[in-house]
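J.: Kindly return the folded structure for what I paste below:
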Amino acid sequence: MQITQRYSHLNGEEYLIVHHQNLYDEIKDVISKINADDFLTKESKEKTKQGRLVYSPKELNKAFQEKFNALDWNESRYHYYITLNRELMEQSLQLPLEQQKAFLDKNDIVSPLYSYKQTDFVKNQIAVEVQFGKYAFVAFDLFVKHMLFYSGGVINLGIEILPTKRMQSKMSSGVGYYEGEVYNVMRQGRNNPPVPLLILGVEP
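T.: Numbers count the residues shown, from 1 in each chain. As a prediction, the model looks like this:
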């Protein structure tokens, strides 16, 4: 596969080039070693594509996982306690998990809810999400997951790998694609979401 399009939000790509060029090279190398046509294996049952072979998101994700894991890019989970008090939330986000509950208890937040978010691959505070799923999952990555990891001090940059429209046309309907998701980010304004991002559009 190859990277055919890229969008840098809040200088995401520039940060990666200056501070982690070696990791950027690893990401590009992983993408280049995936032969997408090997995963043109899913028989479509949709009316407009009945019987046609389309790309299998599960198999694509598995291939990416194997190659990233081999380079020590691994899943990361960010655990936290929920409070709807904005001031306490901002303070508690910076604390280790075991201190968050004690802090909230001390400030009269009774039985705060425990939760966590997971991201596919993290290395040296760089997060990579490979997303060949429905568009709602992409929006969650860009506007919730990356930002939570960033505000919690777990990452300095979030990277989203998406199929271009050209590739998405050979997938099941409803899959998010690069052009549409970059448009969604751009229309929010220059500073939203408030986390450095690099969005990569890939195709065979």
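J.: and the next element down the chain from the helix ranked longest in the chain?
T.: Longest helix of the chain, by residue count under DSSP state H: helix 57-70. Counting by DSSP states H and E, the next helix or strand C-terminal to helix 57-70 is strand 74-82.
J.: thinking again about what came up before, show me what counts as buried in the longest helix of the chain.
T.: Within helix 57-70, the residues that count as buried by 16 or more other CB atoms under 10 Å are P57, L60, N61, A63, F64, Q65, K67, F68. Using the backbone N, CA and C atoms, a C-beta is placed for each residue, glycine as well.
J.: tell me what that helix is packed against?
T.: Helix 57-70 sits against helix 21-32, strand 113-123, strand 126-130, with contacts defined as 3 or more CB pairs under 8 Å, 6 or more residues apart in numbering; DSSP states H and E.
J.: between that helix and strand 74-82, how many degrees?
T.: 100 degrees (axes from the mean of the first three to the mean of the last three CA atoms, to 10 degrees).
J.: got a list of what the most centrally placed residue in the chain touches?
T.: The residue lying closest to the centre of the chain (CA atoms, centre = their mean) is E129, at 3.0 Å. Residues in contact with E129 (CB atoms under 8 Å, 6 or more residues apart in numbering) are T119, D120, F121, D141, K145, H146, G158, I159, E160, I161.
J.: Now the two most distant members of those residues.
T.: K145 and I161 (13.9 Å; CB to CB).
J.: how about A127, what does it touch?
T.: With CB under 8 Å, 6+ apart, A127 has these contacts: S76, T119, D120, F121, H146, F149, V154, I155, L157, G158, I159.
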